[in-house]
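A.B. asks: Here is the input, now give the coordinates:
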Amino acid sequence: MPLELTTAGESHGPALIALITGLPAGLRLDRDAIDSDLWRRQQGYGRSPRQKLESDKVEVLTGLRQGRTLGTPLTLLVHNRDHKNWTWGMAPWPPEGERQGKGTQAVTLPRPGHADLAGVMKYDLPDVRDALERASARHTAANVAAGGVAKALLATISARVESRVVAVGGAEGEEAIRDAIDDARKARDTLGGTIEVTVRGLPPGLGSYATKADRLDGNLAWTLLATQAVKAVEVGDGLALASTRGSDAHDEIFRDERGFYRESNRAGGLEAGLTNGQPLVVRCSMKPLPTLMRPLRSVDLETKEAGNALVERSDVSAVEALAVVAEAAVAFEIAIAARDKFGGDSIGDFVAARDAYLERIDWSPR
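C.D. replies: Sure thing, here's the model as predicted:
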């Protein structure tokens with residue numbers, strides 16, 4: 001069974017759910033490690049007060065017994081603790097009694113840059129909230145929880161995933177980034193930025209050039225571009241390679257008593273859709289968030305009159321959060337490639353297949 005992830009849930013609904021199928025039995029999970037990733041996703045300079053309301057923790061509904069996977073579907077749940085303020089507005093059945101709490105009024109002023117307008121058009125929705133709740137980046141909490149599971153699987157084959165912020169609003173360095181966020185906050189505006197994810201310890205040969213669907217670079221681009229607000233992805237030196245000569249663009253191959261190696265990593269650890277044994281390096285860039293405290297112009301869907309877009313609680317910058325979300329997305333995609341390569345119904349089978357493969361190709365991480 002292939003490793004797959006399905007998520008469900010709305011931004012202000014009762015909870016978010018991640019359903020993972022295809023995990024080998026016997027994988028030991030660390031609840032604290034997953035909760036730590038959820039906590040990291042909520043941190044960062046420029047986040048909104050909502051992050052203090054949520055305090056995300058993972059719960060497991062199926063597929064785990066005493067910390068070890070059973071080889072059956074694993075269901076993770078993350079409660080939306082702010083749902084208590086939205087019980088009438090987000091009720092799954094027609095609510096009874098007087099309107100109370102948040103979400104009781106229809107949203108009819110779509111935000112430029114969000115799913116609002118296209119979403120109500122596509123699905124013939126009477127209320128923008130019916131689109132924005134699922135399109136919200138809030139549900140990336142479920143992806144981060146699933147990413148924690150993927151990182152546990154990768155750790156059994158000595159692969160580790162890490163991320164960092166490269167720039168926010170064009171500013172680099174912690175002090176400059178904070179200054180840029182402070183300036184945007186004063187202007188009631190938002191900032192985007194760029195993050196980088198690195199995976200170390202991957203052997204050559206994950207992914208394939210056999211079909212476009214099997215190319216790992218394509219799958220990584222897909223999972224990152226499918227993340228809310230992300231507008232660009234590059235692997236290795238990416239765009240910079242377009243302005244260099246071939247003699248300067250590629251990573252020469254050497255060999256010593258430990259095996260093959262490279263002295264550079266312009267390819268970012270990927271060649272022809274395959275890992276090549278170098279650290280895998282990908283970057284992605286997100287646009288400024290579309291929910292603004294100084295809203296942009298819009299048109300009311302009911303009256304067709306000009307107005308200002310919806311104003312709802314929002315971050316000034318979520319680039320640090322994107323780093324954690326992207327880390328999880330990359331981890332899950334690499335875990336899929338590793339499962340496709342090494343298989344196994346149990347974690348022992350999975351690791352043994354990896355070990356046999358490394359012995360055949362005479363490779364060890366540096």
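A.B. asks: what separates stretch 33-41 from the chain centre, distance-wise?
C.D. replies: Centre-to-centre, stretch 33-41 and its host chain are 13 Å apart (CA atoms, centre = their mean, to the nearest Å).
A.B. asks: tell me the mean pLDDT for it?
C.D. replies: Taken as a whole, stretch 33-41 has a mean pLDDT of 97.
A.B. asks: Could you do stretch 349-366 as well?
C.D. replies: For stretch 349-366, mean pLDDT rounds to 91.
A.B. asks: Can you give me the buried ones in it?
C.D. replies: Neighbour-count burial for stretch 349-366, counted by 16 or more other CB atoms under 10 Å, picks out 350, 351, 353, 354, 357, 358, 363. C-beta here means a position set from N, CA and C on the backbone, and glycine is covered the same way.
A.B. asks: isn't there a helix covering the fifth one?
C.D. replies: Yes. Going by DSSP: H, G, I helix; E, B strand; the rest coil, the assignment for residue 357 places it inside a helix.
A.B. asks: In contact with it, which residues are there?
C.D. replies: Taking CB atoms under 8 Å, 6 or more residues apart in numbering as the criterion, residue 357 is in contact with 203, 205, 341, 342.
A.B. asks: Pull out the buried members of those residues.
C.D. replies: Among the contacts of residue 357, those buried by neighbour count (16+ other CB under 10 Å) are 203, 205, 341, 342.
A.B. asks: Can you report how many residues neighbour residue 213?
C.D. replies: 10 (other CB atoms under 10 Å).
A.B. asks: Now residue 208: closest residue in space, sequence neighbours ignored.
C.D. replies: If the residues on either side of it in the chain are set aside, residue 208 comes closest to residue 214, at 3.8 Å by CB to CB, 6 or more residues apart in numbering.
A.B. asks: sorry, back to before: give me the subset of the contacts of residue 357 lying in helices.
C.D. replies: Among those, the ones falling in helices (DSSP state H) are 341, 342.
A.B. asks: of the contacts of residue 357, closest to residue 134?
C.D. replies: Ranked by distance to residue 134 (CB to CB), the contacts of residue 357 are led by residue 341 at 33.0 Å.
A.B. asks: pretty sure residue 56 contacts residue 38?
C.D. replies: Yes. Counting by CB atoms under 8 Å, residue 56 touches residue 38, with 4.0 Å between them.
A.B. asks: Now the common contact residues for those two.
C.D. replies: In terms of CB under 8 Å, 6+ apart, residue 56 and residue 38 are both contacted by the residues 78, 141.
A.B. asks: So the residue nearest to the spatial centre of the chain, which state does it fall into?
C.D. replies: What sits nearest the mean C-alpha location of the chain, by CA atoms, centre = their mean, is residue 325, with 3.3 Å. Put simply, residue 325 is helix when judged by three-state DSSP.
A.B. asks: And the contacts of the helix or strand where residue 38 lies?
C.D. replies: In this structure, residue 38 is located in helix 31-41 according to DSSP states H and E. With CB under 8 Å, 6+ apart as the test, helix 31-41 has contacts from 56-58, 67, 76, 78, 140-141, 144-145, 147-149, 151-152, 321, 324-325, 327-328.
A.B. asks: Could you rerun that using 10 Å?
C.D. replies: 30, 47, 51, 54-60, 64, 67, 76, 78, 137, 140-149, 151-152, 155, 163, 318, 320-325, 327-328, 331 (CB atoms under 10 Å, 6 or more residues apart in numbering).
A.B. asks: Inside helices: which ones of those residues?
C.D. replies: Within the contacts of helix 31-41, residues falling in helices by DSSP H are 51, 54, 140-149, 151-152, 155, 320-325, 327-328, 331.
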